[in-house]
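**Q** structure for the following, please:
(chains A and B)
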2 protein chains.
Amino acid sequence: LVATLRRAWERADVIIMTGGLGPTEDDVTREAIAELVGETPQIDEAYLSGLRAWFAKRGVAMPARNAKQAWIISSATALANPIGTAPGWFVEKDGHIIIAMPGVPREMKKMWAEQATPRLQAKTGATLFTRTLRVYGLGESTVEERLGDLIHQMNPTVATYAKSDAVDVRISAKASTTAEAEDLVQATAAHARHVLGKYVFGVDRETLASVISKLLLARGWHIAAMESCTGGLLMSYLTDVPGSSDSVWGGIVTYATELKIAQGVPADIIEQYGVVSDATALAMARAIRHNLSVEVGVGITGVAGPEPQDDKPVGEVHIGIALPTGETVTQVNLWGERAEIKHRAALTALNLLRLQLLGEE
Amino acid sequence: LVATLRRAWERADVIIMTGGLGPTEDDVTREAIAELVGETPQIDEAYLSGLRAWFAKRGVAMPARNAKQAWIISSATALANPIGTAPGWFVEKDGHIIIAMPGVPREMKKMWAEQATPRLQAKTGATLFTRTLRVYGLGESTVEERLGDLIHQMNPTVATYAKSDAVDVRISAKASTTAEAEDLVQATAAHARHVLGKYVFGVDRETLASVISKLLLARGWHIAAMESCTGGLLMSYLTDVPGSSDSVWGGIVTYATELKIAQGVPADIIEQYGVVSDATALAMARAIRHNLSVEVGVGITGVAGPEPQDDKPVGEVHIGIALPTGETVTQVNLWGERAEIKHRAALTALNLLRLQLLGEE
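**A** Below you'll find the model as predicted:
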């Protein structure tokens, strides 16, 4: 680690590290930085009391080995970690900056955004403004093809990222003021929105579920779902959104066919068309909408795998949507493992609902 | 990239890379390897037809830029990627091996396990046997403290990993035969199980949900859940398990209080004890167990945040479990953001249910 840090030090002004700040014996990032800069770690007593309090709040004694998470060296400032035990280090020495953050993704992201970025900006005098357009329904390479020459621009830069719930188009501009950087981003974002059209569902930290939550709130509508193959995942995504209790009424997971019938799906529809069919998906949407007296009913039935069901292949999913303004039902054929099919089925349902609410097909 | 690869080449026999195999312009891992070894990529026509078929199956034309995913160089063997478009490369040249795999985690993991590892083993003649003990209910540092000197053993090695659904204790032994390596692992695993006790819920790829699925199947029991703050996530975890339709009956997400009452939770219990209470959680478990005529009923109510509810703090969760053999209800106080609290609440419920089914507290 010290050899690698030394090489980085020789060629870079800013070194960013993640991981190795935990309490266990193989967490030696602090030791490596201290050796590199030739300093000896001391215990930060205030941080140590904070650590003890963190554990006490959770009803457990602090393990002795966690004490090293309170280490500090004189050229470092501790970066607060409100959602974990390991603080980061912001080291300034001989014109170099080293930023060490935890490896746990959610702790690292929060620390990067709230603690590291502002300090870095203050040091460099440059501002970066970033806007992310979130895209659902197009693959990453299709998004890149549509963006064309935008990908080769230098300021703002445009880059695509395949995320598990969207393809993200990140547009970043650098300028001496935030307003200037934002203006640069705005123009490119407008162009990108034009070529990507209805596939752009939101920006930055928005999700399909949060966008739907907003659309429902604006109409004063409530939603309920009857889920089979997604097993509750659609409802879970909808309830991930803070404040979703204002638009999410509830839902039913009808894994067993008998339960679908007990919940109002006509037995003759299931018999005639099969459990995995457009007719059943729509009947599920209608039944839940009626039974729970909500404006928006969604029904999902399909084959999550790994085995086919009733001669329907793995990945065949039917989604029914019943709204006050009309009904729609769609079949999609998804790929991947079981959890992946559930995930994509739930996202596909959310996107269909979004397009319906926006009055598009 | 080429400079970094060259440095790795100078100090290592085996170089493992992930990422940069996508179709876009910044995916240049193939280019870098080809330059390092001084070879020119050619199109593998058979792979190219396969790629075209992959896209055709999904009803879209292959974007032109995906063609470079069919590139190969003469010292490389393509590693199949059955769940994505980017094949890996297994390069052998001048006594060095380079393994390049996709960055998408699930594609990489599958390729590593099924394609890369067997080839590496064949080359090195050594066998590694690994067993992972999965632990729930203890923090990583407590697990490490309990394991004590095991952590310092050399063969097998013992290491802990904080995963989102467990603390994993990975025990790995190296030997000339698999049987020999397995024997080494077995003895250490028995010791680790002894010091970790009931907190070990499974091994290797088992999850809390898959373990419960097995326990229920063994008893011929069915499960149903009434979920409030987890919003369907518990049911979704249960239905992530292949074959779970044999033990999962269904569930109800009762986000609205009126819906809880409509589904059989006595209004006077909610009035007297509050929606977020032991009494309501147990009443939910009883109601779903009764209404859906299943052996196992689970009720979850709590505050997912970000705002407190009815004077109850964010993270307070009550879990009720009703079984043919008795009932139990527990309150836990969880921390983290909304999605994190939902996740931990669902896992805590699964673990409580596991301990109940095993007849432990």
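**Q** show me the helices in chain A, by range?
**A** A:2-11, A:29-37, A:45-57, A:105-111, A:117-124, A:140-147, A:178-196, A:208-219, A:233-239, A:257-262, A:267-273, A:278-291, A:338-357 (DSSP state H).
**Q** now the ones you listed as JSON lines including mean pLDDT, mean neighbour count and distance to chain B?
**A** To be clear about C-beta, it is placed using only N, CA and C from the backbone, and glycine gets the same treatment. Output for these, formatted as JSON lines (pLDDT from 0 to 100; neighbours: other Cβ atoms under 10 Å in any protein chain shown; distance: least, Cβ to the nearest Cβ, whole Å):
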{"stretch": "helix A:2-11", "mean pLDDT": "94", "mean neighbour count": "12", "distance to chain B": "9"}
{"stretch": "helix A:29-37", "mean pLDDT": "97", "mean neighbour count": "20", "distance to chain B": "15"}
{"stretch": "helix A:45-57", "mean pLDDT": "89", "mean neighbour count": "14", "distance to chain B": "8"}
{"stretch": "helix A:105-111", "mean pLDDT": "92", "mean neighbour count": "18", "distance to chain B": "7"}
{"stretch": "helix A:117-124", "mean pLDDT": "87", "mean neighbour count": "13", "distance to chain B": "19"}
{"stretch": "helix A:140-147", "mean pLDDT": "93", "mean neighbour count": "21", "distance to chain B": "4"}
{"stretch": "helix A:178-196", "mean pLDDT": "95", "mean neighbour count": "16", "distance to chain B": "15"}
{"stretch": "helix A:208-219", "mean pLDDT": "96", "mean neighbour count": "19", "distance to chain B": "10"}
{"stretch": "helix A:233-239", "mean pLDDT": "96", "mean neighbour count": "30", "distance to chain B": "3"}
{"stretch": "helix A:257-262", "mean pLDDT": "93", "mean neighbour count": "18", "distance to chain B": "4"}
{"stretch": "helix A:267-273", "mean pLDDT": "96", "mean neighbour count": "14", "distance to chain B": "15"}
{"stretch": "helix A:278-291", "mean pLDDT": "97", "mean neighbour count": "23", "distance to chain B": "9"}
{"stretch": "helix A:338-357", "mean pLDDT": "96", "mean neighbour count": "22", "distance to chain B": "5"}
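**Q** using CSV, please lay out the ones you listed together with distance to B:Asn155.
**A** Listed next are the helices of chain A as CSV, based on distance: least, Cβ to Cβ, whole Å:
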stretch, distance to B:Asn155
helix A:2-11, 26
helix A:29-37, 25
helix A:45-57, 34
helix A:105-111, 32
helix A:117-124, 44
helix A:140-147, 43
helix A:178-196, 54
helix A:208-219, 48
helix A:233-239, 42
helix A:257-262, 52
helix A:267-273, 58
helix A:278-291, 55
helix A:338-357, 35
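**Q** among those helices, which comes closest to B:Met226?
**A** Comparing the helices of chain A against B:Met226 with Cβ to Cβ, the closest turns out to be helix A:233-239 (12.4 Å).
**Q** which strands or helices does that closest one pack on?
**A** The helices and strands touching helix A:233-239, judged by 3 or more Cβ pairs under 8 Å, 6 or more residues apart in numbering or on different chains; DSSP states H and E, are helix A:208-219, strand A:223-227, strand A:248-254, helix A:338-357, helix B:233-239.
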